[in-house]
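Enquirer: Can you look at this prediction? I've put the sequence above it.
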Amino acid sequence: MTIHYNLEAPLRLILDTDPGVDDAIAILMALAARQAEVLALTTVGGNVPRARATRNALALLQAAGRPGIPVARGAARPLSGRFRPSVAFHGPGGLSVRLPEPSATTAGQGAVDFLADSLMSSPTGPTIIALGPLTNLSRLERSRPGILHRSGGVVIMGGAVETAGNVTPRAEFNFHSDPLAAAHVLGLGSPMTLVDLAACRQVGISREQAAGLSAGTSLGRLAARIVQGWFARDERRQRFEFYDPLAVALALDPGVATMRPVALTVGVTEGDHWGETTIAGEPGPIALAAKVDASRFFDLLGELLEWRGFEVNA
Ligand code: BDR
Ligand code: CA
């Protein structure tokens, strides 16, 4: 068994998320990582409305046997307009499996205050992994400018850099959902890691590979059911791409991809360029995942979730 992530320095994580099928896998990966501590989940509307994202976050933690991890409710709307849930991909409930209703309730604080307190409470704040629209992070920076500098790192899944979008020909879902927030956060000039669609498309599995999955842990079995359930919901589906899980993998093991340092802008004018991600300069403060080491990603994923019957020829 090969452990690639750093066993010496525990990583403290907060996942900002809109679960979401791939968000759910990402959350389960983070929970399974022995040397990562998941401090909290903060929620945002996106794949599903904020209320459903929050319910799903609580339900996943309960199903994973970790109901004590706080969930702080975040933005129900983007900075401008409203979210449009991704029902075609994630289904109306956001997850491809039914989970029991959670008995835990949300934290007393909202996501922005929760994140602010977490970042201020120690000299080096937690690493933030943003898996949905960037509304919460933008609101956090607007209320306390510079605070993200206190984080141990920021890893974002979003954008389509020099590749086709998945909502429009140019835009990726998370950035398309709140381009004003994405433009703000990416324009801060702080170091951050970006996992865009071009990177995520390098890590997918086929229907046949998913069908052969089994797992050695209850976390892994739940993750396998989620992927298999996603395929079962539409017989035309042939490939599941690990969007949000790649962001978690990079937080745990930066060696999963080579990085390209760039400056990026996000289109904020309504029309064809809404949510489009463009390289504005090179080098720049954003580490854009470029060439993904798919074998290393799948080794890590398989190891965390104890997936078996899982052959990927990367
Ligand atoms: C991103 O959008 C959502 O549908 C996924 O959860 C992922 O965060 C991919 O474009
Ligand atoms: Ca997501």
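Expert: Happy to help now that I have it. Residues are numbered from 1 along each chain as shown. Ligands and ions are numbered 1, 2, ... in the order given.

Enquirer: which regions of the chain sit below the pLDDT cut-off?
Expert: In the predicted model of the chain, residues 1-9, 311-314 satisfy pLDDT under 70.

Enquirer: Could you list the residues of it in contact with ligand 2?
Expert: For the chain, the residues in contact with ligand 2 (CB under 5 Å from the ion) are Asp18, Gly20, Asp23, Leu131, Gly132, Asp244. All C-beta spots, glycine's among them, are computed from the backbone N, C-alpha and C.

Enquirer: Could I get the buried residue list for stretch 109-123?
Expert: For stretch 109-123, the neighbour count (16 or more other CB atoms under 10 Å) marks Gln109, Gly110, Ala111, Val112, Phe114, Leu115, Ala116, Ser118, Leu119 as buried.

Enquirer: which residues does the fifth one contact?
Expert: Each residue near Phe114 by CB atoms under 8 Å, 6 or more residues apart in numbering is listed here: Ala40, Thr42, Pro70, Ala72, Ala107.

Enquirer: neighbours around the last one, how many?
Expert: If you count neighbours by other CB atoms under 10 Å, Ala107 ends up with 17.

Enquirer: Quick check, it in contact with Ile69.
Expert: No: using CB atoms under 8 Å, Ala107 and Ile69 do not qualify as a contacting pair, with a distance of 9.9 Å.

Enquirer: anything in contact with each of these two?
Expert: Common neighbours of Ala107 and Ile69, using CB under 8 Å, 6+ apart, are Ala40.

Enquirer: related to what we said a few turns ago, make TSV out of the residues of the chain next to ligand 2 and add neighbour count, distance to ligand 1 and secondary structure.
Expert: Formatted as TSV, those follow (neighbours: other CB atoms under 10 Å; distance: CB to the nearest ligand atom, whole Å; DSSP: H, G, I helix; E, B strand; the rest coil):
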residue	neighbour count	distance to ligand 1	secondary structure
Asp18	34	6	coil
Gly20	29	4	coil
Asp23	33	5	helix
Leu131	29	5	coil
Gly132	34	6	coil
Asp244	31	5	helix
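
Enquirer: just to revisit the earlier point, only whichever of the contacts of Phe114 are buried, select them in PyMOL.
Expert: Selecting the buried subset of the contacts of Phe114 in PyMOL, with 16+ other CB under 10 Å as the burial test, is done by:
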select buried, resi 40+42+70+72+107
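
Enquirer: What residues does the residue in the stretch 51-200 of the chain positioned nearest to ligand 2 make contact with?
Expert: Proximity of the stretch 51-200 of the chain to ligand 2 (CB to the ion) peaks at Leu131, 4.2 Å away. By CB under 8 Å, 6+ apart, the residues touching Leu131 are Leu15, Asp16, Thr17, Asp18, Gly20, Asp22, Asp23, Ala26, Met157, Asn174, Asp244, Ala247.

Enquirer: let's see it at 6 Å
Expert: Neighbouring residues of Leu131 by CB atoms under 6 Å, 6 or more residues apart in numbering: Thr17, Asp23, Ala26, Met157, Asp244.

Enquirer: What segments of the stretch 201-314 of the chain are strands?
Expert: Secondary structure of the stretch 201-314 of the chain (DSSP state E, counting those that start in this stretch): strands located at 204-206, 214-215, 239-241, 257-266, 277-292, 307-308.

Enquirer: Enumerate the residues of this protein near ligand 1.
Expert: Listed as neighbours of ligand 1 in the chain under the rule CB under 6 Å from any ligand atom: 20, 22-23, 47, 86, 89, 131-132, 157, 166, 172-174, 243-244.

Enquirer: Having no further points to raise, I will conclude here.
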